[in-house]
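S.K.: fold the following, please.
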Amino acid sequence: MQQYEGWTGSIIHGSPIPQFVINKSHKIIYWNKALEEYSGIKAKDVLGTDQHWRAFYPEKRPCMADLLVDGKTDLIPKIYRGKYSKSALIKGAYEATDFFPEMRESGVWLQFTASPLIDKTGRMVGVLETLKDVTKRKEAEFALQESEEKYRTLVENVNDVIFTMDLTGIITYVSPVITKQYGYLPEEVEGNHFSRFVYQDDLQIASDGFKERTEGIFAPNVFRIIDKDGQKRYVRTSQTPRIEDNKTTGFNYVMTDITENMRIEEAVRAAVKLNILMDDMSVNDCISFTLDEAEELTTSKASFFHFVNPDEKTIQMANCLAENSTHFCYSKIPGHYYPVEAAGAWVDSLLERKPIIKNDFDSSSESKNSPKGSLLLKRELAVPIFDQNKIVAIIGVGNKASDYNESDVNILALLAKNTWTLIRRKRMEDALKESDHRFRELFNSTKSGVIIYRAVDEGADFVIVDFNNSAEIIEKVTKEEVIGKTVSEVFPAIKEYGLLKVFQDVWRTGKPESHPVSLYKDSRIASWRENYVYRLPSKEIVAVYEDVTESRHAEEELRKSEEKSLIYIKEAAMRLKNPMEVIQHNISSTIIDIESGDCDLEDVILQLQLQMKNMEQIRRNIIELNQAIIGNYKFISPASKKYLTE
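M.R.: All right, here's what the predicted structure looks like:
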C-alpha cells in the first residue's frame, strides 16, 4: 500500500466524509480527521492496528471492509441480511445501512460503503470504507410508518425528497422539496413512472431495485437521475412498504442526494488511478487525464491547465481540452508562453489568488477580449494551484450546463492538488534520471579509475558497487566480473599495500585521504598507483586513482641515462687531464727560460706552435665528449643539444 501514501493521504484526511482504509493484513493505514471527530478515536491510537471495529462495536468482530479483504463476500448476506446491496456504480463494492446501539448516547444509524482498492495489475491492495450518519433520515422513515399526518409535516421540512409509488412504479406523491433539489414541480413528477427520471445507463439498476421491493426485499439502492436542467445526480433511496388492510399497496421512499459525496469518492479514485498509471505517463499525459476527470466530475465541456512562471507575469500553455476533444487554448502550441497582462478573464484566479466562478460569461466584457479563435465561454471556473505560497499553475473548466458552485470548486481543487503533487514528483524523477545520466557520462569518460565501495562487517571489508570504464582498462577486468565482490577478493594485496586502512579511516571519519604513489602487486597484476579516497553522503566510499607505472618507468630510464652520462663525463675528464698538465708544464718551462734569458725567439715560437697543436687536440676531445653526451643522454633538452654542438 506504500504506492497510495503521500498523494492520497492528504485527500482522504481532508475529506469531510468519515473514511478509513485497511490493507491486505487488516491494518489501518488511513483514519481521516472526519472519522476522528465522529468516532472520538484519534488516528494515532489505531493506525497500524486492526482495531477499526472499536468505532462501531463493543468487542472485536469483522467490519464489511474485512470481509472484502478476505474475499468472504458470501458472508455479507448473512451478516447484513436485508440491509445491504451491491454497489451499482463501483465494481466489487458493497453498501449497507445498519443501527449501531453502542455509538453515541442512544445509538446511530450509519450508511457505509466498502470499496476495494485495485492496483494497476488488477490486484486488490486494500479497502476504503466510507461512512455517513443517516440517523435523522431513518427517524424520518420510522415517523412515516407511525403517522401519516406527522409524515406530511415532516416531509415538507427535510432536505431529502420523500415520495410514494404504487405497485406498478407510478409516483403517487412527491414532497415539495423536489423543486429545490432537482427543479421539478411536484405536479410534473406525480402520475409518471419512475423510469422517466432515471439516467438511461442506470435504468436497469433502478428497475431491479423496484422488482426487489415487490418481492419484499428492502435494501438501499443507488443510481443516477436527471434533474430538470439535464444534469446527472447521484441519489440513494431507502423504502418501506405501505400497508393497508394488511396488504402492501405501495412503497414509501426517502431519496437522498449523494452527488457531492460520490464526486469526492470518484475524485479520490481518480487520484488513486492516476498514481498507479503515473510511472508510464508523461507530465502532459497526467494533465490530460486530470482534465478528463475534471470535465466528467463537474459535467463541464471544456477545461485547461497552464503553468505559471515564477514571476507570475507569464503563463506557459500546458494542455487544454474542449468539446469533441478539440483544443481550447489561447495558444495552439503547448509550451508557448503567454503574458498575463494580455490574457482574458481566465487568469483572474491568478490575479486575485483565489478560485473564480463566472456563471454569466455572455454578458461579461472579458469574453470580448479573448483572442481570435478561442472557445466562446458561457460559464467558467478557474482554480489557482499553490506551492509554498507561490501560484505554480491554473486549472479550469468551462461551459457547464448549470451554474458552477462551491462543490465544483472543492472537486477541482482536490484534483489540482493531487495532480500538482504528482507533477512535482514526476519532474523530480526526471531530473534525477537526467542527473544520473550526466553523472554516468562523467563517471565513464574520466581517464582516472573510479571505484565505489559499500562497507560491510562494520568496515572490515568493502563491496564494489560501481566500476568505471577506465578502471576496467587499468585492472584488465570487466565491471560484471567485480561488481558485488569484496575489495579483498579483487585486490588480495590491498592490506599490505596500505589502502585498506585508508578506506577504513575515511569511512569512519568522513575525511578524504590520499595514498601516495606505491607499487601494488598480486598474482593478477602489478602496477604503480596513486589513490585519493573520499566518502559520499550515503556513507559509500569512492577511490579515484591513477596508474603511474609508465611515468615510474620513465623516471627509472632517466636515472640510468644520467648514470651512463656520468661515466662518459668521468672518462672524458681523465682524457683531458693529461694533455692539460703537459701544456701547463711546457708553458711554465718556457716562461722560466725567457725570464732567465736561456732561450731565443725561435725556441719560443716553436714551443707556442707545439702548445697550439695540443690545444687543438683538446678541442677535438671536448667535441667527442659532447657528442657522446648527446648520444647517450636521451632526456637532454633541444637548447642544451644546440649549445653542445656549437
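
S.K.: residues contacting Pro339?
M.R.: Pro339 sits next to Lys313, Thr314, Ile315 when contact means Cβ atoms under 8 Å, 6 or more residues apart in numbering. All C-beta spots, glycine's among them, are computed from the backbone N, C-alpha and C.

S.K.: run the chain-centre distance for the lengthiest strand in the chain.
M.R.: Identified as the longest strand of the chain according to DSSP state E is strand 232-244. Computed by Cα atoms, centre = their mean, to the nearest Å, the separation of strand 232-244 from the middle of its chain amounts to 46 Å.

S.K.: next, find the distance separating the spatially most central residue of the chain from Val392.
M.R.: When Cα atoms, centre = their mean is applied to the chain, the residue found nearest the centroid is Arg425 (3.0 Å). Going from Arg425 to Val392 by Cβ to Cβ, to the nearest Å gives 14 Å.

S.K.: do the same with Ile315
M.R.: Ile315 sits 11 Å away from Val392, going by Cβ to Cβ.

S.K.: which residues do those two both contact?
M.R.: Phe307, Val308.

S.K.: look at those two and report which has more neighbours.
M.R.: Ile315 (24 against 17; other Cβ atoms under 10 Å).

S.K.: pretty sure that one contacts Phe304?
M.R.: No. Look at Ile315 against Phe304 with Cβ atoms under 8 Å: they stay out of range, at 10.2 Å.

S.K.: can you list residues touching both of these two?
M.R.: With Cβ under 8 Å, 6+ apart, Ile315 and Phe304 have common neighbours Ile394.

S.K.: now do Asn252, the pLDDT please.
M.R.: Per-residue pLDDT puts Asn252 at 90.

S.K.: ok but it is inside a strand, no?
M.R.: Yes. Judged by DSSP: H, G, I helix; E, B strand; the rest coil, Asn252 forms part of a strand.

S.K.: for Thr164, see how far away it is.
M.R.: Asn252 is 6 Å from Thr164, by Cβ to Cβ.

S.K.: between these two, which contacts overlap?
M.R.: In contact with both Asn252 and Thr164: Arg242, using Cβ under 8 Å, 6+ apart.

S.K.: check which helix or strand covers the nearest residue to Val235 once chain neighbours are set aside.
M.R.: Leaving out its chain neighbours, the residue that sits closest to Val235 by Cβ to Cβ, 6 or more residues apart in numbering is Met255, at 5.1 Å. Counting by DSSP states H and E, the element that carries Met255 is strand 247-257.

S.K.: list the buried residues of the host helix or strand of Lys433.
M.R.: Secondary-structure assignment from DSSP H and E places Lys433 in helix 406-445. Buried residues in helix 406-445, counted by 16 or more other Cβ atoms under 10 Å: 408-423, 426, 443.

S.K.: before we move on, what about stretch 395-402?
M.R.: Going by 16+ other Cβ under 10 Å, stretch 395-402 has these buried residues: Ile395, Gly396, Val397, Gly398, Asn399, Lys400.

S.K.: same question, stretch 76-86
M.R.: Ile76, Ile79, Tyr80, Lys83, Tyr84, Ser85.

S.K.: one more: stretch 121-130?
M.R.: By 16+ other Cβ under 10 Å, the buried positions in stretch 121-130 come out as Val125, Gly126, Val127, Leu128, Glu129, Thr130.

S.K.: contacting residues for Asp257?
M.R.: Counted by Cβ under 8 Å, 6+ apart, Asp257 has contacts Asn159, Asp160, Val161, Gln181, Arg233, Tyr234, Val235.

S.K.: for it, give its distance to Pro512.
M.R.: 68 Å.

S.K.: helices or strands next to the helix or strand Ala471 falls within in the packing?
M.R.: If you go by DSSP H and E, Ala471 is part of helix 469-475. Helices and strands touching helix 469-475, as assessed by 3 or more Cβ pairs under 8 Å, 6 or more residues apart in numbering; DSSP states H and E, comprise strand 449-456, helix 479-482.

S.K.: most tightly packed of the ones you listed?
M.R.: strand 449-456 (a mean of 19; mean count of other Cβ atoms under 10 Å).

S.K.: output that strand in PDB with nothing but the alpha carbons.
M.R.: C-alpha atoms of strand 449-456 as PDB (Å, rounded to 0.1, in the frame of the first residue of the first chain):
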ATOM      1  CA  GLY A 449      40.000   4.800 -12.500                       C
ATOM      2  CA  VAL A 450      36.900   5.300 -10.200                       C
ATOM      3  CA  ILE A 451      35.600   2.500  -7.900                       C
ATOM      4  CA  ILE A 452      32.700   3.000  -5.500                       C
ATOM      5  CA  TYR A 453      32.600   0.700  -2.400                       C
ATOM      6  CA  ARG A 454      30.000  -0.100   0.300                       C
ATOM      7  CA  ALA A 455      31.300  -1.000   3.800                       C
ATOM      8  CA  VAL A 456      30.400  -4.500   5.200                       C
END
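
S.K.: and the nearest residue to Phe194 once chain neighbours are set aside, its phi and psi?
M.R.: What sits nearest to Phe194 in space, not counting adjacent residues and going by Cβ to Cβ, 6+ apart, is Gly169, at 5.2 Å. Backbone torsions of Gly169, given as degrees, to the nearest 10, read phi 100, psi 10.

S.K.: count of neighbours near Gly169?
M.R.: Gly169 has 19 nearby residues by other Cβ under 10 Å.

S.K.: do the one 10 residues further on as well
M.R.: By other Cβ under 10 Å, 16 other residues sit near Thr179.

S.K.: show me what contacts it?
M.R.: Leu185, Pro186.

S.K.: surely it is within a helix?
M.R.: Yes. Using three-state DSSP, the secondary structure at Thr179 is a helix.

S.K.: for Ala140, see how far away it is.
M.R.: Thr179 is 19 Å from Ala140, by Cβ to Cβ.

S.K.: over to Thr237?
M.R.: From Thr237 to Ala140 the distance is 13 Å (Cβ to Cβ).

S.K.: gap between the two ends of stretch 504-516?
M.R.: In stretch 504-516, first residue to last residue: 16 Å (Cα to Cα, to the nearest Å).
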